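Asker: Just a sequence and a predicted model for now, questions to come.
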Amino acid sequence: MKEELMSEGEEQEQSNGGILDYIMNLESVPQKLPPHLELLRTRVLCNVDAPQHTDTIQYSGAYAALGVDNSLRFDDFCKNFKVEVKRLTDDEMEFDMIGIDPAIANAFRRILISEVPTMALERVYIANNTSLVQDEVLAHRLGLVPINADPRLFEYPDNAGENNEKNSIVFKLHVHCKKGQPRITVLSDQLKWLPNGSELIAEDTKPNTDSKPKTFTSFTCSQDSLPEFSSNPPGPRYLDIIIDKLGPGQEIELEAHAVKGIGKTHAKWSPVSTAWYRMLPEVVLLEDVQDELAEELKNKCPLKVFDIEDIGKGKRRAKVARPRDCTLCRECIRGGKEWEDRVSLRRVKDHFIFTVESTGALPPELLFTEAVKILEDKCERVITELS
C-alpha cells in the first residue's frame, strides 16, 4: 500500500513538472495567434449590414491564455512603422502610415487642422468702402485669402498690441471704378504688400503737431531689406480670388494686417483645406470566380477594382487588380449570401492612407513635418510633468 502511494505521488510530481516545463516553453518561444483570431485582431470585416471588429485590442493580456503577449513594445513599433509617400504635388500629398494606432493617425489629423500656425489677415482698417459688400463681410472675405508667407519667420502677436516687422505683414487695397466705366472685379492680386508698414494715420494722432504721424504699425526697418523676404516676398497665394465687384463711382480703400495664428483660434489660420485618412482596403476572393460570374463581378464594382484574366482552355477568372481604389461601397457582395461567400471586404487596422490638402500657405510635406514636431513637443511636456 505504501509503495502504491509513493508511486502515485511520483506520478503527480512528474505531471506537475511536465506542466511547468510546458508553461516555460510557452514563455520562451514566441507564440502566434490562430488564423481566425489574427484576422479579427488585424482586420475590420466589412459585411453587407455593418462592419465588424472595428476596435483595436490594446490590452496586453488579451491573449495570455494562448501564450501571446499583446503589449506594445517600442522596439517592435520602430521595426514595423513605415511612411510611404504615394503622391506629392504643390498643394496635395497622399502617403501611407503603416504600423500605428488609429489614435495616433487622428492626432496628426487634428494637429494639421487646428495647431499648425500660418499667417492670415486679422485686422482690416477700412478708410473707404462704397461697394455693395458690407465692411464686416469684406473683412471676412479678406481673412480667408491664403497668404504666401512662412509663419516660422514671424512671432505671435504681442499681447500689448505692438505691431512690428517681426509679427505683422501689411497689405494695401485701393480700387476705384470711375463713373462711365464698366463694373470692376476686385481680385486678390490687387492686394499690395507694404514692406515699410502701415500708411494709414491712426485716429489718436494729434493734429497740427510737428511730430511724425502715428500709424497702426511701428516698423523699425523695412521688411524687403530682410534676406528671408528678398527672394520670396509675401503676398496672396492665389491671385484670382474674387474679393468684391465695384460699379461705376464705387471705391474701396483699406489696409489689411496679417498675423500669425492657429486654426484652433479661427479657421482662417488652418493650413489645410482638409486632412483625412482611411484604412487600407483589402479585397480577398474566397473562391475562384470564373466565366459569367467573373464578368458579373467586374460589372458590379463601380470603381473597376476587379479585372478578368485568362487561365487557359477558354476559361476566365476574376482577380483583384486595384484594391486600393476600393471605397467599400459593398456593391460586389450585394445580391445574396453566395456573393458574401465569394468576396471578403476588409480594412487593415494599422495601415492608413493619409491625404493632406494644403491651402497654399505652406507645402503639404512641410505641414506634416510641423505636425510631427508639435506632437513631439506635447509628448515631451507630458513626460516632464510626470517626472
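Answerer: Now that the structure is in, tell me what you want to look at.
Asker: For residue 176, see how far away residue 253 is.
Answerer: 8 Å (CB to CB, to the nearest Å). The way it works is simple: take the backbone N, C-alpha and C, and place the C-beta from them, glycine included.
Asker: typo on my end, residue 317
Answerer: 71 Å.
Asker: Among those two, which residue is more densely surrounded?
Answerer: More crowded of residue 317 and residue 176, by other CB atoms under 10 Å: residue 317, with 17 against 14.
Asker: For residue 327, which non-adjacent residue is spatially closest?
Answerer: Excluding the flanking residues, the one nearest residue 327 by CB to CB, 6 or more residues apart in numbering is residue 303, at 6.5 Å.
Asker: thought that neighbour was touching residue 328?
Answerer: No. In this structure, residue 303 is not within contact of residue 328 by CB atoms under 8 Å, at 10.3 Å.
Asker: hmm, back to that, burial of the residue nearest to residue 327, as a residue count?
Answerer: Residue 303: 12 neighbours (other CB under 10 Å).
Asker: again with the one 5 residues further on
Answerer: By the measure other CB under 10 Å, the count of residues near residue 308 is 17.
Asker: my guess is it contacts residue 316, does it?
Answerer: Yes. With contact defined as CB under 8 Å, residue 308 reaches residue 316; the gap is 5.2 Å.
Asker: what residues are shared contacts of the two?
Answerer: 294, 295 (CB atoms under 8 Å, 6 or more residues apart in numbering).
Asker: remind me which residues of this protein are low pLDDT?
Answerer: Low-confidence segments of the chain, defined by pLDDT under 70: 1-31, 160, 203-212.
Asker: correct me, but residue 142 touches residue 123?
Answerer: No. The criterion here is CB under 8 Å, and residue 142 misses it with residue 123 at 10.1 Å.
Asker: who does the helix or strand where residue 281 lies pair up with?
Answerer: For residue 281, the host element (DSSP states H and E) is strand 272-285. If you go by DSSP bridges, strand 272-285 pairs up with strand 343-358 (antiparallel).
Asker: ok, residues contacting the helix or strand just after the partner strand?
Answerer: Note on strand 343-358: by DSSP H and E, the next helix or strand toward the C-terminus is helix 364-386. By CB under 8 Å, 6+ apart, the surrounding residues in contact with helix 364-386 are 85, 88-89, 91-93, 95, 107-108, 111-112, 115-116, 271-272, 356-358, 362.
Asker: Mind doing that once more with 7 Å?
Answerer: Here helix 364-386 makes contact (CB atoms under 7 Å, 6 or more residues apart in numbering) with 88, 91-93, 107-108, 111-112, 115-116, 271-272, 356, 358.
Asker: For it, buried residues please.
Answerer: By neighbour count with 16 or more other CB atoms under 10 Å, helix 364-386 contains the buried residues 364, 366, 367, 368, 370, 371, 374, 375.
Asker: can you tell me how far the residue lying closest to the first one once chain neighbours are set aside sits from residue 279?
Answerer: For residue 364, ignoring the flanking residues on the chain, the nearest one in space by CB to CB, 6+ apart is residue 93 at 3.8 Å. Separation of residue 93 from residue 279 (CB to CB) stands at 18 Å.
Asker: Next: residue 319.
Answerer: Residue 319 is 22 Å from residue 279, where distance means CB to CB.
Asker: Between the two, which is the more surrounded one?
Answerer: residue 279 (21 against 15).
Asker: Okay, and the beta partners of the nearest residue to the more buried one once chain neighbours are set aside?
Answerer: Take residue 279 and drop its neighbours on the chain: the residue closest to it by CB to CB, 6+ apart is residue 347, 3.8 Å away. Applying DSSP bridges to residue 347 gives these bridge partners: residue 44, residue 281.
Asker: Domain parsing of this structure, as residue ranges.
Answerer: Following the assignment in automatic domain parsing, the chain carries domains at 32-116+271-286+319-387, 118-270.
Asker: what would those look like in TSV with distance to residue 296?
Answerer: Shown next, in TSV, are the domains of the chain (distance: least, CB to CB, whole Å):
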stretch	distance to residue 296
domain 32-116+271-286+319-387	9
domain 118-270	45
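Asker: quick revisit: buried stuff in the helix or strand following the strand holding residue 281?
Answerer: Using DSSP H and E, the helix or strand that follows strand 272-285 in sequence is helix 291-300. Residues of helix 291-300 classed as buried: 293, 294, 297, 298, 300 (neighbour count, 16+ other CB under 10 Å).
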